[in-house]
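[1] any chance you can model this:
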Amino acid sequence: MFLKNCWYVAARSQDINQALSARVLLEENLVLYRQQDGNVVALEDACPHRKLPLSKGRLLGDIVECGYHGMQFEGSGNCVSIPTQDRIPPNARVRAYPVAEKWGFVWVWMGDIEQADKSKIVEVANYDNQSWGLTVGGMLEIDCHYLWVTDNLLDPSHVAWVHQKSFAAPGTDDTPLEIQTFEDSVVVSRWIFDQAPPPYYAPLVKFEGKCDRLQHYEVRLPSVCINRGIYTPAGTGGDVDNLDESAYLMVSYNFITPIDEDRSAYYWFQHYNTDVDNAEVSERINNGAIMAFEEDRVVLEAVHLGMKSKTTRNLNLGLDAGSLRFRKLLDKAIAAEQIA
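    Sure thing, here's the model as predicted:
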């Protein structure tokens, strides 16, 4: 079951052009394409005649033509032509989904059209700030339920075992966590003091010696995950509003879109406050993220299969508190949506 009245990332903007592109979001089949004016359209990927996917047809200018009998549909979803007959039935239409483009992604509103509000797309601070660097990001499809991914992104402890060559460092296995619950999000965080920076970050920080390190793991409804890392010289951490001028900041924006109950699409990019014009650094950061996400994928796909076919009860640990709070928050939102 999914929260519908939300924006979900359907694709990277660069991947949608004047061609038909099939996508599955929340178990619904969509076809996306870019009109000649540059705007993106998202339609139900099923002709109302015999439900052949429209993505198997042709794009004629801004008109989608079904590949079975040539029925044609405009971006509104309305049928504008049926070559085999003059009359167009009033129910000859497909669903059109609200679409927005922001932060380099195509977003689709999956719920009630009347409630679609572009201001509800998550804000990205400093996105257009030239003093911040930005990676190209990417997309990874994972064969697991999307909540296993959000669980993972509310769990700073797993890095000590899953990411030993990248994010792991002393303190990631035993430093206590602070958990905060808000109206639409959960944050799990902790400061780790006076330790060496992890291998992934060591070449990126601009100071010598040990660091104080903030791990900030945040998930917002429906499945927007923001990981914030702060690295500041040892003895200067603990207060995010009063950081040493040499502090290194990185924010990883992760957008998880459920494909169905067994698959998820994982989109991301990183934002950081140094080496903003260094393409080599940007590529290194992005490649490091891909390596870490692949490490996560191996674990999460196995977890999905293990939990789906379990023959004995599983148990929760103290480190699961953040993810359990988020699941409760999501369940409450889904229940309220169904009542409305």
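[2] strands paired with the helix or strand hosting Val106, and their directions?
    When secondary structure is defined by DSSP states H and E, Val106 falls within strand 105-109. Here strand 105-109 is paired, per DSSP bridges, with strand 7-12 (antiparallel), strand 99-102 (antiparallel).
[3] please identify the most buried of the ones you listed.
    strand 7-12 (a mean of 23; mean count of other CB atoms under 10 Å). Where C-beta positions appear, they are placed from N, C-alpha and C, glycine not excepted.
[4] tell me the helix or strand right after that one.
    strand 21-25.
[5] what are the contacting residues of whichever helix or strand comes after that next one?
    Following strand 21-25 in sequence order, the next helix or strand is strand 28-34 (DSSP H and E). With contact meaning CB atoms under 8 Å, 6 or more residues apart in numbering, strand 28-34 is reached by 10-11, 16-24, 40-46, 53-55, 59, 64, 97, 99, 106, 108, 110.
[6] can we see that at 6 Å?
    Contacts with strand 28-34, where a contact means CB atoms under 6 Å, 6 or more residues apart in numbering, come from 16-18, 20-23, 40-43, 45, 54-55, 59.
[7] what pairs with it, parallel or antiparallel?
    Strand 28-34 is paired, per DSSP bridges, with strand 21-25 (antiparallel), strand 40-44 (antiparallel).
[8] which positions within the first one qualify as buried?
    Across strand 21-25, burial judged by 16 or more other CB atoms under 10 Å covers Ser21, Arg23, Val24, Leu25.
[9] what sits against Tyr267?
    Contacts for Tyr267 (CB under 6 Å, 6+ apart) come out as Val9, Met139, Phe255.
[10] pretty sure it sits in a helix.
    No - assigned with DSSP: H, G, I helix; E, B strand; the rest coil, Tyr267 falls outside any helix and is strand.
[11] let me know the distance separating it from His145.
    Tyr267 sits 17 Å away from His145 when distances are taken as CB to CB, to the nearest Å.
[12] do Ala160 as well
    Counting by CB to CB - Ala160 and His145 are separated by 24 Å.
[13] same thing with Gln215?
    Relative to His145, Gln215 is positioned 24 Å away (CB to CB).
[14] and what of Ile256?
    From Ile256 across to His145, the span is 10 Å (CB to CB).
[15] these two: which has the busier surroundings?
    Ile256 (24 against 21; other CB atoms under 10 Å).
[16] please, which helix or strand holds that one?
    strand 248-260.
[17] counting contacts, what elements does that strand pack onto?
    Judged by 3 or more CB pairs under 6 Å, 6 or more residues apart in numbering; DSSP states H and E, strand 248-260 is in contact with strand 7-12, helix 146-152, strand 224-233, strand 263-272.
[18] of the ones you listed, which is nearest Lys206?
    strand 224-233 (9.2 Å; CB to CB).
[19] now do the same for Asp331: helix, strand or coil?
    State at Asp331, reduced to three classes by three-state DSSP: helix.
[20] any low-confidence regions in the stretch 51-200 of the chain?
    168 (pLDDT under 70).
[21] how about the helices in it?
    146-152, 159-162 (DSSP state H, counting those that start in this stretch).
[22] what's the most buried one of the ones you listed?
    Each of those was scored by mean neighbour count; the highest is helix 146-152, a mean of 22, by mean count of other CB under 10 Å.
[23] one step back: angle of the strand holding Val106 against strand 248-260?
    In terms of direction (axes from the mean of the first three to the mean of the last three CA atoms, to 10 degrees), strand 105-109 departs from strand 248-260 by 50 degrees.
[24] since we're on the residue found closest to Arg263 once you drop the neighbours it is linked to in the chain, how many residues are nearby?
    Of all residues not flanking Arg263 in the chain, Asp143 sits nearest, at 5.6 Å (CB to CB, 6 or more residues apart in numbering). Around Asp143 there are 14 other residues, counting by other CB under 10 Å.
[25] okay, buried residues for stretch 102-119 please.
    Neighbour-count burial for stretch 102-119 [16+ other CB under 10 Å]: Lys102, Trp103, Gly104, Phe105, Val106, Trp107, Val108, Trp109, Met110, Gly111, Ala116.
[26] in this structure the second one contacts Ala125, no?
    Translated: Trp103. No - contact criterion CB atoms under 6 Å: Trp103 and Ala125 do not qualify, at 11.3 Å.
[27] adding distance to Arg297, write the helices and strands packed on strand 248-260 out as CSV.
    Listed next are the helices and strands packed on strand 248-260 as CSV, based on distance: least, CB to CB, whole Å:
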stretch, distance to Arg297
strand 7-12, 18
helix 146-152, 9
strand 224-233, 15
strand 263-272, 8
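[28] among the ones you listed, which comes closest to Gly171?
    strand 224-233 (12.6 Å).
[29] CA-only coordinates of stretch 218-229 in PDB, if you can.
    Coordinates of each C-alpha in stretch 218-229 appear next as PDB, following Å, rounded to 0.1, in the frame of the first residue of the first chain:
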ATOM      1  CA  GLU A 218      16.400  12.000   7.600                       C
ATOM      2  CA  VAL A 219      13.400  10.500   5.800                       C
ATOM      3  CA  ARG A 220      10.300  12.600   4.800                       C
ATOM      4  CA  LEU A 221       7.000  11.500   3.500                       C
ATOM      5  CA  PRO A 222       6.500   9.700   1.200                       C
ATOM      6  CA  SER A 223      10.100   8.500   0.800                       C
ATOM      7  CA  VAL A 224      12.500  11.400   0.400                       C
ATOM      8  CA  CYS A 225      15.800  10.700   2.200                       C
ATOM      9  CA  ILE A 226      18.300  13.300   3.100                       C
ATOM     10  CA  ASN A 227      21.700  12.300   4.500                       C
ATOM     11  CA  ARG A 228      23.800  15.200   5.900                       C
ATOM     12  CA  GLY A 229      27.400  14.800   6.900                       C
END
